[in-house]
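Participant: Return a 3D structure for these sequence lines:
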Amino acid sequence: MRKFFLHLKNFYREIRARLAFVGVSDFEPSTFDGLKTRKYRQRRHYLRHQRAKARFVLGGYRDRRYDHFRRNFRSARWLKEGKSVLCVGARFGEEVKALRDLGHSAIGVDLYPGKNNPYVIEGDASDLPFFEGKFDICFSNIFDHILEIEASIGEIVRVLKSDGILVLHLNDQVARDFEVQSWNDPIDMAMLIGRLLNRTPLIDSRDTFIEAVFNLSP
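Facilitator: Numbering: from 1, shown residues only. Sure, this is the predicted structure:
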């Protein structure tokens, strides 16, 4: 009987995973040079597709992700004591927990933070649920999963203080199952964001990604 219910559970899990790709199309050239964007039949298909990654892919390796963020944040020159940090696309909140454990004030937002998440609230990068000028710093490493790049940049600028800082972690982004944006060179992507912000990023190359820091000070 236990085997039967386990088989039934796995069967429904597979069905739900397959449904996540209904209305999801392939990548097409974006309006931005060097960028390819996945097409969706409707916005609800985008939301369901992205939420599915958290449900079916990101359940494991939480300790590894936490250690990764804590190690990188400890050496971050842009992270000063007493600053408020918004983490966009924080999933289950490993980066938020790392920031709090290091003594910083942080909150995350994600399309699917899971139930009773003490670190992350539900929200969309293109429509952030915060007042204007609330945060000193915005951190994100999920721009490959953001559909509306310009709208999301506008929202980040809105919730940051006038002298705020945007920090992005970007890597070589190939098109896989759940990615929304695809680019060949992370530096090119950083420069694209810089053009939208009218700022030149300070870029630091790491082992597997680059860190692009944008200072919004006038």
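Participant: Helices of this structure, start to end?
Facilitator: Assigned by DSSP state H, the chain shows helices spanning 2-19, 43-56, 62-74, 94-101, 149-159, 186-197.
Participant: how about the ones you listed in JSON lines, adding mean pLDDT and distance to residue 169?
Facilitator: Any C-beta I mention is one placed from the backbone N, CA and C, and that applies to glycine too. Shown next, in JSON lines, are the helices of the chain (pLDDT from 0 to 100; distance: least, Cβ to Cβ, whole Å):
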{"stretch": "helix 2-19", "mean pLDDT": "47", "distance to residue 169": "27"}
{"stretch": "helix 43-56", "mean pLDDT": "86", "distance to residue 169": "17"}
{"stretch": "helix 62-74", "mean pLDDT": "93", "distance to residue 169": "8"}
{"stretch": "helix 94-101", "mean pLDDT": "97", "distance to residue 169": "10"}
{"stretch": "helix 149-159", "mean pLDDT": "98", "distance to residue 169": "15"}
{"stretch": "helix 186-197", "mean pLDDT": "96", "distance to residue 169": "9"}
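Participant: Give the buried residues for stretch 67-81.
Facilitator: The neighbour-count check on stretch 67-81 (16 or more other Cβ atoms under 10 Å) flags 68, 69, 70, 72, 73, 76, 78, 79 as buried.
Participant: from what I can see the fifth one touches residue 99, true?
Facilitator: Yes: with contact taken as Cβ atoms under 8 Å, residue 73 and residue 99 are classed as touching, separated by 6.1 Å.
Participant: Return every residue with contacts to both of those two.
Facilitator: residue 79 (Cβ atoms under 8 Å, 6 or more residues apart in numbering).
Participant: that older thread, which of the helices of the chain sits closest to residue 117?
Facilitator: helix 94-101 (9.2 Å; Cβ to Cβ).
Participant: Would you mind measuring from the most centrally placed residue in the chain to residue 50?
Facilitator: The residue lying closest to the centre of the chain (Cα atoms, centre = their mean) is residue 142, at 2.6 Å. According to Cβ to Cβ, to the nearest Å, residue 142 and residue 50 sit 9 Å apart.
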